[in-house]
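Novice: Just the structure for this:
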Amino acid sequence: MADRRYNDKEIAAIFRAATEGPPGPQPDVPREEGLTLADLQAIGREVGIPSDAVARAAQALDVGRGARSRTLLGLPIGVARTVNLNRRLTDGEWERLVVQLREVFDARGTTRSDGSFRQWTNGNLQVLLEPTETGHRLRFRTVHGAARAYIGAGVAALGVTASVAIATGISGHLGDAVPGILFLLTVGIGMIASGALRLPRWARLRGRQMEALAAEVANPPSSGTPDSSPRPKPNLRDETVL
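Specialist: Residues are numbered from 1 along each chain as shown. Just a heads-up that it's a prediction; the model follows:
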């Protein structure tokens, strides 16, 4: 299996992330001939950057490329992350990942295996392990079902409001219908606002959780170099976000 090679822009992003912290969104640049991860780690050691920090930064770059979101009325109603592990996940690693999923998302969930395919699901939240030519691919995806329902109901209420207003206007009874129209309008706007306000924070949290879990699986401590050290685990649970 050929080693993944990083071009000049990716190399700069990796070393910046390894020395400064988590990277921001990375530009989509073509994967040209360049340096392998081992090359980057060797360069990093020469300037005092731990090899495991370089590996995590490189993996974070690939996880960032797998970031996807679904929108509703311009709002992030769904979050997804995909990472190619470039190796096969062992049974033990999958079991440990399930334990982490239950801890991070505070949910038991259900597991299912079908040959090389594995999945853990809890409602709209899905984690899929799929075979590829180079090993396994890990996919996270979720949709905020409650917010979607609130926004959909609010849009429907506004539609009913418009229909009532048009119908009563044509019949000449618009004045009598104003209180009911205002009530429906308030309900519709309120439901849309209730669903919309919770989405940005929820999407950011779910994205961070997925990225941290993907990085943990892609770069287990045992696979690091001799200068690897235990990594602190971020607190990714937030009981107030649904």
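Novice: Tell me the spacing between the residue of the chain positioned farthest from its centre and residue 40.
Specialist: Most distant residue from the mean C-alpha position of the chain: residue 172, 52.0 Å away (C-alpha atoms, centre = their mean). Distance, residue 172 to residue 40, by C-beta to C-beta, to the nearest Å: 76 Å. Heads up, the C-betas are built off the backbone N, CA and C, glycines and all.
Novice: Assign residue 107 to helix, strand or coil.
Specialist: coil (DSSP: H, G, I helix; E, B strand; the rest coil).
Novice: Return the residues in contact with the nearest residue to it once chain neighbours are set aside.
Specialist: Leaving out its chain neighbours, the residue that sits closest to residue 107 by C-beta to C-beta, 6 or more residues apart in numbering is residue 122, at 4.2 Å. For residue 122, the contact set (C-beta atoms under 8 Å, 6 or more residues apart in numbering) comprises 105, 107, 108, 109, 110.
Novice: Excluding covalently adjacent residues, which one is nearest to the third one?
Specialist: The reference is to residue 108. Closest to residue 108 by C-beta to C-beta, 6+ apart is residue 102, at 6.0 Å.
Novice: can you check residue 150 too?
Specialist: residue 195 (3.2 Å).
Novice: count of residues packed around that neighbour?
Specialist: 24 (other C-beta atoms under 10 Å).
Novice: Quick check: the gap between it and residue 155.
Specialist: 10 Å.
Novice: do the same with residue 147
Specialist: 13 Å.
Novice: returning to that earlier point: quick check, pLDDT for the residue farthest from the centre of the chain.
Specialist: Here, the pLDDT recorded for residue 172 equals 86.
Novice: With the one 5 residues further on instead?
Specialist: Confidence at residue 177, expressed as pLDDT, is 88.
Novice: list the buried ones in the biggest helix by length in the chain?
Specialist: Counting by DSSP state H, the longest helix found in the chain is helix 145-171. For helix 145-171, a neighbour-count test (16 or more other C-beta atoms under 10 Å) marks 147-148, 150-151, 153-155, 157-158, 161, 164-165, 168 as buried.
Novice: swap in stretch 196-213?
Specialist: 196, 198-199, 202-203, 205-207, 209-213.
Novice: so for it, what's the average pLDDT?
Specialist: 92.
Novice: So which bits of the helix or strand harbouring residue 103 are buried?
Specialist: Here residue 103 sits within helix 91-104, counting by DSSP states H and E. Buried residues in helix 91-104, counted by 16+ other C-beta under 10 Å: 93, 94, 97, 98, 100, 101, 104.
Novice: Phi and psi next, for the residue nearest the centre of the chain.
Specialist: Nearest residue to the geometric centre of the chain (C-alpha atoms, centre = their mean): residue 207, 3.4 Å. Main-chain torsions, residue 207, degrees, to the nearest 10: phi -60, psi -40.
Novice: Now do the SS call for the residue nearest to residue 150.
Specialist: helix.
Novice: Report the contact partners of it.
Specialist: Residues near residue 195 by C-beta under 8 Å, 6+ apart: 146, 147, 148, 149, 150, 151, 154.
Novice: Distance to residue 184 and pLDDT for those residues - can I get that in CSV?
Specialist: Below are those laid out as CSV (distance: C-beta to C-beta, whole Å; pLDDT from 0 to 100):
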residue, distance to residue 184, pLDDT
146, 21, 93
147, 21, 93
148, 21, 92
149, 18, 93
150, 15, 93
151, 16, 94
154, 10, 94
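Novice: Which of those residues sits closest to residue 139?
Specialist: Of all the contacts of residue 195, residue 139 sits closest to residue 148, with 20.3 Å by C-beta to C-beta.
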